[in-house]
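Engineer: Give me a 3D structure for the following:
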Amino acid sequence: MRAFVTVIGKDKVGIIAAICILLAEKNVNILDISQTILQECFTMVMLVDASACTVPFDELSGCLSELGTKMELTIRIQREEIFNAMHRI
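Structural biologist: Numbering: from 1, shown residues only. All right, here's what the predicted structure looks like:
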């Protein structure tokens, strides 16, 4: 199952590393990454393959949200079909 991880917050060292480590620990494969920094605002969208994830999707979502809280970021994950439906013109 593919999903999108979105990250928004103030730029700081280690954001990408921390998220990649968490995903690797849960056996989630990163397929594509797009990130940018506009002034001091960090924004990233990752397409991931969570089909081999070692925890249920809701637990993965909670882990990402918890990491976001610790790092003062907003981190969300959505299944690809939901993300696409929400962003369809």
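Engineer: Quick one: the helices in this protein, in order.
Structural biologist: Counting by DSSP state H, the segments of the chain that form helices are 15-25, 57-71, 80-86.
Engineer: Now do the first one: which elements does it pack against?
Structural biologist: Okay, so that is helix 15-25. strand 2-10, strand 29-38, strand 41-49, helix 57-71 (3 or more C-beta pairs under 8 Å, 6 or more residues apart in numbering; DSSP states H and E). Using the backbone N, CA and C atoms, a C-beta is placed for each residue, glycine as well.
Engineer: Identify all contacting residues around it.
Structural biologist: Contacting residues not belonging to helix 15-25 are listed as 5, 7, 9, 29-30, 33, 35, 42, 44, 46, 48, 63-64, 67, 71, 73, 75 [C-beta atoms under 8 Å, 6 or more residues apart in numbering].
Engineer: same thing but at 6 Å, please
Structural biologist: 42, 67 (C-beta atoms under 6 Å, 6 or more residues apart in numbering).
Engineer: And the last one, by the same measure?
Structural biologist: Applying C-beta under 6 Å, 6+ apart, the external contacts of helix 80-86 come out as 2-4.
Engineer: By neighbour count, which of the residues you listed wins?
Structural biologist: Ala3 (24 neighbours; other C-beta atoms under 10 Å).
Engineer: Please tell me I have it right and it contacts Ala50.
Structural biologist: Yes. At 5.3 Å, Ala3 counts as touching Ala50 under the criterion of C-beta atoms under 6 Å.
Engineer: sorry, back to before: can you put the helices and strands packed on helix 15-25 in JSON lines and add distance to Leu22 and mean pLDDT?
Structural biologist: Shown next, in JSON lines, are the helices and strands packed on helix 15-25 (distance: least, C-beta to C-beta, whole Å; pLDDT from 0 to 100):
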{"stretch": "strand 2-10", "distance to Leu22": "10", "mean pLDDT": "97"}
{"stretch": "strand 29-38", "distance to Leu22": "11", "mean pLDDT": "96"}
{"stretch": "strand 41-49", "distance to Leu22": "11", "mean pLDDT": "97"}
{"stretch": "helix 57-71", "distance to Leu22": "6", "mean pLDDT": "98"}
